[in-house]
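K.L.:
Only the shape, not the letters, is given here:
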């Protein structure tokens, strides 16, 4: 568990929020990985999913603005390479001059609009409908020899 690593790393208001978020993420992950789910456990998972969603929103609204975060060096370099390739592509098609590639560290903010975060609350419903993923396989089976 990562909670002891992060404990005390941030100022107190943010420290308790980060630790609570890490605990809820670990709790949710443990519940989702169960191989057998009862109705009671799915209700617990729904409650944890709700609390996790609320905690993520509080984290984004209170903790994220308190810290200035920016792209990693590898992200900047990747963006520069991509822009250079796009510039070469545009130059070949428009016969224009190659534009300069900009590349300073851009600010990064947490985005709650990602599907994987949106889908967290759907897991209990999906488990009720389809069961756990260890009960079936997508691998093709050879029927005839």
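P.N.:
Noted; the coordinates are in hand. Predicted model only: the values in this text are computed from it and were never measured. Numbers count the residues shown, from 1 in each chain.

K.L.:
for residue 70, phi and psi?
P.N.:
Taking degrees, to the nearest 10, you get phi -140, psi 170 for the backbone angles of residue 70.

K.L.:
any idea what sits nearest it, other than its immediate chain neighbours?
P.N.:
In space, and not counting its chain neighbours, residue 70 is closest to residue 105: 4.2 Å by CB to CB, 6 or more residues apart in numbering. All C-beta atoms are positioned from the backbone trio N, CA, C, and that covers glycine.

K.L.:
That neighbour belongs to a helix?
P.N.:
No. Using DSSP: H, G, I helix; E, B strand; the rest coil, the assignment for residue 105 is coil, not a helix.

K.L.:
How much space separates it from residue 86?
P.N.:
Using CB to CB, to the nearest Å, residue 105 is found at 20 Å from residue 86.

K.L.:
Report the contact partners of residue 45.
P.N.:
Residue 45 makes contacts with 28, 31, 32, 37, 123, 124, 127, as judged by CB atoms under 8 Å, 6 or more residues apart in numbering.
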